[in-house]
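Engineer: everything below, folded, please.
(4 chains)
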Number of protein chains: 4
Amino acid sequence: MNAPAWIPYTAPDFGEPRFAAAPPARTVACTADGVLPEGFFATTNLPSYVKGDDGRWTMPREPRMDGCLVRDPDGTWWVREGRRVRRGDLVVVGRAEDGSEGVLVHAHGFEPPEGAAGDFHFMSSQVSREKPIDYSQLARMLVDERRREGYIVWVTGPALVHSRARDNLVWFIRHGFVQALLAGNAVAAHDIEAAVVGTTLGMTSAGLPTEGGHAAHMRAINAVRAAGSITAAVRNGLITDGIMHACVIEEVPFVLGGSIRDDGPLPDVITDAVAAQDAMRVHTVKATMAVMVATALHSIAVGNMLPAYYEDPERGIVELPTICVDASEFLVSKLKDRGTHQAVGVVTNAQDFMSILRSAVEGAMA
Amino acid sequence: MNAPAWIPYTAPDFGEPRFAAAPPARTVACTADGVLPEGFFATTNLPSYVKGDDGRWTMPREPRMDGCLVRDPDGTWWVREGRRVRRGDLVVVGRAEDGSEGVLVHAHGFEPPEGAAGDFHFMSSQVSREKPIDYSQLARMLVDERRREGYIVWVTGPALVHSRARDNLVWFIRHGFVQALLAGNAVAAHDIEAAVVGTTLGMTSAGLPTEGGHAAHMRAINAVRAAGSITAAVRNGLITDGIMHACVIEEVPFVLGGSIRDDGPLPDVITDAVAAQDAMRVHTVKATMAVMVATALHSIAVGNMLPAYYEDPERGIVELPTICVDASEFLVSKLKDRGTHQAVGVVTNAQDFMSILRSAVEGAMA
Amino acid sequence: MNAPAWIPYTAPDFGEPRFAAAPPARTVACTADGVLPEGFFATTNLPSYVKGDDGRWTMPREPRMDGCLVRDPDGTWWVREGRRVRRGDLVVVGRAEDGSEGVLVHAHGFEPPEGAAGDFHFMSSQVSREKPIDYSQLARMLVDERRREGYIVWVTGPALVHSRARDNLVWFIRHGFVQALLAGNAVAAHDIEAAVVGTTLGMTSAGLPTEGGHAAHMRAINAVRAAGSITAAVRNGLITDGIMHACVIEEVPFVLGGSIRDDGPLPDVITDAVAAQDAMRVHTVKATMAVMVATALHSIAVGNMLPAYYEDPERGIVELPTICVDASEFLVSKLKDRGTHQAVGVVTNAQDFMSILRSAVEGAMA
Amino acid sequence: MNAPAWIPYTAPDFGEPRFAAAPPARTVACTADGVLPEGFFATTNLPSYVKGDDGRWTMPREPRMDGCLVRDPDGTWWVREGRRVRRGDLVVVGRAEDGSEGVLVHAHGFEPPEGAAGDFHFMSSQVSREKPIDYSQLARMLVDERRREGYIVWVTGPALVHSRARDNLVWFIRHGFVQALLAGNAVAAHDIEAAVVGTTLGMTSAGLPTEGGHAAHMRAINAVRAAGSITAAVRNGLITDGIMHACVIEEVPFVLGGSIRDDGPLPDVITDAVAAQDAMRVHTVKATMAVMVATALHSIAVGNMLPAYYEDPERGIVELPTICVDASEFLVSKLKDRGTHQAVGVVTNAQDFMSILRSAVEGAMA
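Structural biologist: Next up, the predicted model:
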């Protein structure tokens, strides 16, 4: 893990002639709901600025990649998914990212300090199982976020539950380190199976199969369906411990996005992918840190809607720390290939990561 | 790849006293839509039999794992997902799988011939990059299926498109080896991006980035949204080649299941996960072979709804050949861990698999 | 991790007629040094018995796979590598492993207790990152071995050093949990680089490159070459901490086997592969437990020379616990494919494994 | 695969004042065999220049990383491994790589043409299974090398043999595309096992075990030991096909480096790691291209001793094309982390790579 230290942001100098000379961004009205005008500007997750008719450069609100730029009647710029535009919405057109058409993508605002001299180094890969993980730095980041009342979004996959890292995630929830949990049906289903039956997919915590165990998750899901919701199942005493229980008790919001491979699903799952994205984005627009553990699908999904920066009241524009934990280097590489370049990879398994991180945070709090 | 040769099926001997003595399966009526009775029998993907009140053992229709057994008014047994039961439906209860409660899971109907003697062997893993892939056998299987007018379901991920195996999949579609294509938004979006712009996620077929290329897939999706559907975009000349084009022209049905990480999505995507599963199952119940290439999400999804066998008019009950291709052993292992035990793993990349398989099929047809 | 519980051994019943009727093992004299007679019996790592001319079945000494059976003049049976036989040595010929030619490979002496009923289970893979690791059981095994004065052989790769798990391995050495360390040049070179310069391959413990860092390991190796040996470099104050330092101070034997990719190498490295194997086998014949961390080369090498069992004074024949830790399932699968079927896989990174295992052992000792 | 196109080299301008002002490289005599002077200059695999007492900057001969710079009595500069220096040898000291102490590491001689504009791209990873492999370009490179009478070094692991890519490697040997084969005992042993018995580690070409198959490689090795050498075993008719047979018949030199995990080994194996390195380096100093297939150990070993460039009579200094094929991105990343930054990764299995590459080369030759 290369240390994701806090790097001060250098804003563009809009006093430069090329910015003064640039025209304001040009907009075209949409002619149909959910269809963008030819030549629309496609956003990135990097700090960006749009020039208005008044000559001012402003950052659009709710930034993300793969969106378009919409100007509200009051002149505010928004980043919005193409499917959400409506007939008549004014959308920016133009492809230049250097400001010359009124939109600037400012890629070099975060420049790390000079590295070591020389051009030949070993161990220069961005992510590798062979590199040390600095858990104490991760712990400090989490403790700092909590102190600053940041908004830490956790994204998790079912391996976290199978590997019995549940207790540690519960601990983070109970101690105020989780502001939103974004996951899928499986995480909740196996967590609840563990709470109700003691197994995950019929496997005990010792990794052994149980008699008839292949049905255990179906029975757990069915019981929650009978109760009506996870919250109802917590309230009626069906679910007495675990991740979902902690979210309900601690009032930590969770979004369970549906997927084509869901069993059940649980009644709380948002089965419509577009609605689930919208529900998740409510949290990503507030995020000040993201921790993604053992999920390709949801890490890439959340990475897509997550800006690479946010505006902090104390420190101004800062990079959005994005930690991606997986057993394989490939996921982190794939996440970066999908544009989440700010991701810092941690190559280990979910169980060990959660266990050591908790110890480190306990140490940092002491 | 261990050779998935055709193995004759040995049906249970229902003349055995234990089967004669067994009671008929007991059913309980559902009291609410989508909620199963306590103690419901959970199905597997193995050949199964239910004993009716008339004393006959019959195989339920539309088998899959993680379903329940429903008796229709006319006495027919069906396997159905729990979410699809309605108040009053009669659902089998009981957990025994040995027939003693009227349901038999017949796990040993397909016994491979005796293996080599001795207890100590090297290279005994089920799936490994170090094992030879028998492409000529795979090719014969495909050619046989086409001759028998089987129903070959292909399940693919976007790596197939990024790696430029499009042409080879088109060849299989055009030559009658694809009866249904099950995929997600990304496969279609990048295939169409390649057709319209020539890139996938902005990457050329030489693997190089293009100027402004990060927007290419968004422009492609937007153009299809403007056209209204993929079929319309083929008809209006926007899409002139590739996988989706071939499906439209050859009238091969496709199902695009939505996911939380979709850009756009394309108008043809079924964004509701439950509806998408239902649409895919229309094809899996007809499947006589499945080929899964470079997708964890959809391989596991389809594996969940796929029986491990089917009834062939000529040969009776036969194993359903399920080929799973991935760059890593882990996916095949995970697929088996999710119950798709019949999967035969091929560890390679999508581009090479498609290229060699096509050559082998061309050879087998000659 | 499937629990490697202690399983009582069931010896063959040599009173059975087939064993009584079997001829004694037939031997043929070697006609040249290092060349075996046609049709020689090739050993496995499973419990095996040879029938002598006196009709007694005895277990050969120093068992391993890929060896031959040699009868000493006094009638003792030995397992020996083919390269070590000398002209005139009496070597067993025959291929039958069922005793019918005087050699019995007893594969089923260790039968685990009955598993869960039913034939359909999820999560049935042997090794997966999704399965829980039972560190407390591992810790108990280590503590038990120490109490019993067992001989725990550690096999490690350089990732353990790069990831800064050095301190934890030092802890195990200092507390009596390491009876022998088997490794290569890189482990020692980077450990010494860390002791002398503070980096590994020029990378700091924060994962960052250092100026001119690519030369750091060469300077460390050169300094030890100047001192004459690792022990001399510890004694003269060059090496003041780390794994090699602890081995020297605690008098824990280490074997550094040379490899084609070695830099230097360090003067202690046994550059001849055959001599290095012989030096390692001195320890494997005494092993009562093996812990292999983050090395394909040495894990497979040691697995090759390690029996799957040993004779414990208290408990008789017991399985030899063999723990294999790697970031990927593939290594454990490959190790089994090379015959080390008794290996129990732990899928995680070296840093986290060492950290949690130490905490668990500290807990088990308290 | 990012296209490794031929890039013209830009030599340093030694007319610059800073180069003219630099002192000649300073040398110190070694005081013991195999021990370098304090502060020795450690080489890289990049184009480098040393300033002599005559003021001329020259490139040292036989470049590689992790070596030192030795001045011969006649003033010639050599790169040499530290273990090979002798008492009295004059070795360059100094750490500066910018020429200021008389040694220049010229890292930027090969600058690729300007890339696509913009700072945000998808699919920007260096190596990924999702990227297309341009086999036709690889084929052209091989055909060009053969035409230019280049020296193509192949480095292979046993997976190539297990996966039955033997025939295709034989084809490359027979058609003049292999000037040297660098491998280990296992490649030769399993290749010969396949020639003599028809299996590899007892596994048939259909991936199935054979009776008593675990001994097959030991029998093959023993037969070659009896013959005295691989060449003798080819001459006496024991080995009638395969890779080693082709090398012997076509007089392609091979080096088999010993390793700690070798069975046997075969009589041709150089069991001393240092001697094996020296034997391999005879070929790497002549290399104009390297193809590494499915071996971590030997790829890294050869990468260590391979310069990143060579001097071509026609084109001057050119990059040394280094193709690394593995089923996992990790190996290529690790190879780069060990300094072989010029490696171009191909993520696929050995069987498929060899099959498609051969077809492509046959196409390019037609």
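Engineer: now for the one residue in the stretch 251-366 of chain A that gets nearest to chain C, how many residues are close by?
Structural biologist: The minimum distance from the stretch 251-366 of chain A to chain C, using CB to the nearest CB, falls at A:D352 (3.7 Å). Where you see a C-beta, it was placed from the backbone N, CA and C, and this is true even at glycine. By other CB atoms under 10 Å in any protein chain shown, 25 other residues sit near A:D352.
Engineer: which non-adjacent residue is nearest it?
Structural biologist: Spatial nearest neighbour of A:D352, chain neighbours left out: C:D352 (3.7 Å); criterion: CB to CB, 6 or more residues apart in numbering or on different chains.
Engineer: contacts for the helix or strand encompassing the one you found, please.
Structural biologist: In this assignment (DSSP states H and E), C:D352 forms part of helix C:350-365. If you take CB atoms under 8 Å, 6 or more residues apart in numbering or on different chains as the criterion, helix C:350-365 is touched by A:129, A:132-133, A:348-349, A:352-353, A:355-356, A:359, C:135-136, C:138-140, C:142-143, C:156-157, C:159-160, C:163-165, C:168-169, C:171-172, C:175, C:177, C:293-294, C:325, C:346.
Engineer: likewise for stretch A:198-210?
Structural biologist: By CB under 8 Å, 6+ apart, stretch A:198-210 touches A:158, A:161-162, A:164, A:190, A:193-194, A:212-217, B:337-338, C:1-3, C:115-116, C:121-124, C:131-132, C:134.
Engineer: put the buried members of these into a PyMOL selection.
Structural biologist: The PyMOL selection below is limited to those of those classed as buried (16 or more other CB atoms under 10 Å in any protein chain shown):
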select buried, (chain A and resi 158+161+162+164+190+193+194+212+213+214+215+216+217) or (chain B and resi 337+338) or (chain C and resi 1+2+121+122+123+124+131+132+134)
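Engineer: quick one: which of the contacts of stretch A:198-210 sit in helices?
Structural biologist: A:V161, A:H162, A:H190, A:E193, A:A194, A:A216, A:H217, B:D337 (DSSP state H).
Engineer: one step back: for the residue of the stretch 251-366 of chain A closest to chain C, give me the pLDDT.
Structural biologist: pLDDT, A:D352: 95.
Engineer: ok, now how distant is it from C:F172?
Structural biologist: Remark: distance between A:D352 and C:F172 (CB to CB, to the nearest Å) = 17 Å.
Engineer: how about A:L297?
Structural biologist: Computed as CB to CB, the A:L297 to C:F172 distance reads 38 Å.
Engineer: just A:M365 next, same as before
Structural biologist: A:M365 sits 28 Å away from C:F172, going by CB to CB.
Engineer: what about those two, which has more around it?
Structural biologist: C:F172 (22 against 11).
Engineer: verify the stated contact: that one with C:L181.
Structural biologist: No: with contact defined as CB atoms under 8 Å, C:F172 does not reach C:L181; the gap is 9.9 Å.
Engineer: which neighbours do those two have in common?
Structural biologist: Joint contacts of C:F172 and C:L181 (CB under 8 Å, 6+ apart) are C:W154.
Engineer: return the residues in contact with A:T156.
Structural biologist: Residues in contact with A:T156 (CB under 8 Å, 6+ apart) are A:L169, A:L181, A:L182, A:A183, A:V187, A:M292, A:V293, A:A294, A:T295, A:H298, A:A350.
Engineer: let's go with 7 Å and repeat that
Structural biologist: Each residue near A:T156 by CB atoms under 7 Å, 6 or more residues apart in numbering or on different chains is listed here: A:A183, A:V187, A:V293, A:A294, A:T295.
Engineer: sort out which residues of stretch A:248-267 are buried, please.
Structural biologist: A:248, A:252, A:254-267.
Engineer: how far is that stretch from where the chain is centred?
Structural biologist: 16 Å (CA atoms, centre = their mean, to the nearest Å).
Engineer: re the thing from before, and the helix holding C:D352, C-alpha only, in CSV?
Structural biologist: C-alpha atoms of helix C:350-365 as CSV (Å, rounded to 0.1, in the frame of the first residue of the first chain):
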residue,chain,number,x,y,z
ALA,C,350,2.0,-13.2,4.8
GLN,C,351,1.9,-10.0,6.8
ASP,C,352,-1.6,-10.5,8.1
PHE,C,353,-1.1,-14.2,8.7
MET,C,354,2.0,-13.7,10.9
SER,C,355,0.4,-10.9,12.8
ILE,C,356,-2.8,-12.6,13.7
LEU,C,357,-1.2,-16.0,14.3
ARG,C,358,1.2,-14.4,16.8
SER,C,359,-1.7,-12.7,18.7
ALA,C,360,-3.5,-16.0,18.8
VAL,C,361,-0.5,-17.8,20.1
GLU,C,362,0.1,-15.1,22.7
GLY,C,363,-3.6,-15.6,23.7
ALA,C,364,-3.2,-19.4,23.8
MET,C,365,-0.1,-19.2,26.0
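Engineer: what distance separates the start and the end of stretch A:172-189?
Structural biologist: The first residue of stretch A:172-189 is 20 Å away from its last residue (CA to CA, to the nearest Å).
Engineer: and stretch A:39-58, by the same measure?
Structural biologist: 21 Å.
Engineer: sec struct for the residue in the stretch 1-150 of chain A positioned nearest to chain B, please.
Structural biologist: Nearest residue of the stretch 1-150 of chain A to chain B: A:A42, at 3.3 Å (CB to the nearest CB). Here A:A42 is recorded as coil under DSSP: H, G, I helix; E, B strand; the rest coil.
Engineer: for chain A, what spans make up the helices?
Structural biologist: Under DSSP H, chain A gives helices at A:17-21, A:135-147, A:159-162, A:166-174, A:185-196, A:216-227, A:230-235, A:243-250, A:273-284, A:296-305, A:329-337, A:350-365.
Engineer: just say which of those helices is most tucked in.
Structural biologist: helix A:159-162 (a mean of 28; mean count of other CB atoms under 10 Å in any protein chain shown).
Engineer: can you list the residues of the stretch 1-150 of chain A near chain D?
Structural biologist: With the criterion set to CB under 7 Å from any CB of the partner chain, the stretch 1-150 of chain A comes near chain D through A:44, A:46, A:97, A:105, A:107, A:118-120, A:122-125, A:128.
Engineer: show me what residue of the stretch 101-250 of chain A gets nearest to chain B.
Structural biologist: Residue nearest to chain B within the stretch 101-250 of chain A: A:A215 (3.3 Å; CB to the nearest CB).
Engineer: residues contacting the nearest residue to that residue once chain neighbours are set aside?
Structural biologist: Once flanking residues are discounted, A:A215 sits nearest to B:A42: 3.3 Å by CB to CB, 6+ apart. Residues in contact with B:A42 (CB under 7 Å, 6+ apart) are A:H214, A:A215, A:M218, B:D66, B:C68.
Engineer: so who does the residue nearest to A:G39 when sequence neighbours are not counted touch?
Structural biologist: Leaving aside its sequence neighbours, A:G39 sits nearest to A:V93 (CB to CB, 6+ apart; 4.4 Å). Applying CB under 7 Å, 6+ apart to A:V93 gives the contacts A:R26, A:T27, A:V28, A:P37, A:G39, A:F40, A:F41.
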